[in-house]
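Chemist: got a predicted structure here, sequence first:
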Amino acid sequence: MEVIALGSDHAGFHLKENIKEYLAGLGYKVRDFGTGSPDRVDYPDFGIAVGEAVARGECDKGIVVCGTGIGISISANKVKGIRAAACSDPFSARLSREHNNANILALGSRIVAPEYARYIVKEWLEAKFQEGRHAERALKIAQYELGNPG
Ligand code: RB5
């Protein structure tokens, strides 16, 4: 079973805990990079920690949560090799895997209700990258990231 890295700031703490329980119930292994309470923290610390764990291959995928999903996805996307998608609906979440090979899903605790977030997570985890033309586009992004725009 895949290992999923989890991270959130204070705003995302309760939703992260909810998702953690959901993933455990589905049989996933989870590595929680914090935060560990609703006390105020800074989302970049957690987005980057999850991004590094996924980029290093210690975890297969990551799920990060902040108030909107935006700040923590921007942070995770600064790590080389990370394709973090902030999604607030299951269709975008599915396509972020199928077309963009997103390796991190970002959720906004102030945007999506917990039950809906679980549905988004399920869609995202079940979807598979479709390769082909999508792989060529993903490669362009990777080449740019490595300083070699083709
Ligand atoms: C924290 O108040 C909030 O700014 C943060 O959780 C997130 O929404 C940032 O993008």
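Modeler: Nice, I can see it. Numbering: from 1, shown residues only.
Chemist: residues of the protein that sit close to the ligand?
Modeler: 9, 11, 43, 66, 67, 68, 70, 71 (C-beta under 6 Å from any ligand atom). The way it works is simple: take the backbone N, C-alpha and C, and place the C-beta from them, glycine included.
Chemist: helix, strand, or coil at the second one?
Modeler: By that I understand residue 11. Following DSSP: H, G, I helix; E, B strand; the rest coil, the label given to residue 11 is coil.
Chemist: tell me the helices in this protein, going along the chain?
Modeler: Using DSSP state H, the helices assigned to the chain run over residues 13-26, 43-55, 70-76, 90-98, 114-126, 133-145.
Chemist: need those helices in JSON lines (columns: mean pLDDT).
Modeler: Shown next, in JSON lines, are the helices of the chain (pLDDT from 0 to 100):
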{"stretch": "helix 13-26", "mean pLDDT": "98"}
{"stretch": "helix 43-55", "mean pLDDT": "99"}
{"stretch": "helix 70-76", "mean pLDDT": "98"}
{"stretch": "helix 90-98", "mean pLDDT": "98"}
{"stretch": "helix 114-126", "mean pLDDT": "98"}
{"stretch": "helix 133-145", "mean pLDDT": "96"}
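Chemist: export these to a markdown table and tack on mean neighbour count?
Modeler: What follows is the helices of the chain, written out as a markdown table (neighbours: other C-beta atoms under 10 Å):
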| stretch | mean neighbour count |
| --- | --- |
| helix 13-26 | 18 |
| helix 43-55 | 24 |
| helix 70-76 | 24 |
| helix 90-98 | 19 |
| helix 114-126 | 18 |
| helix 133-145 | 12 |
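Chemist: and those helices as TSV, adding distance to residue 2?
Modeler: Shown next, in TSV, are these (distance: least, C-beta to C-beta, whole Å):
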stretch	distance to residue 2
helix 13-26	9
helix 43-55	11
helix 70-76	17
helix 90-98	12
helix 114-126	8
helix 133-145	19
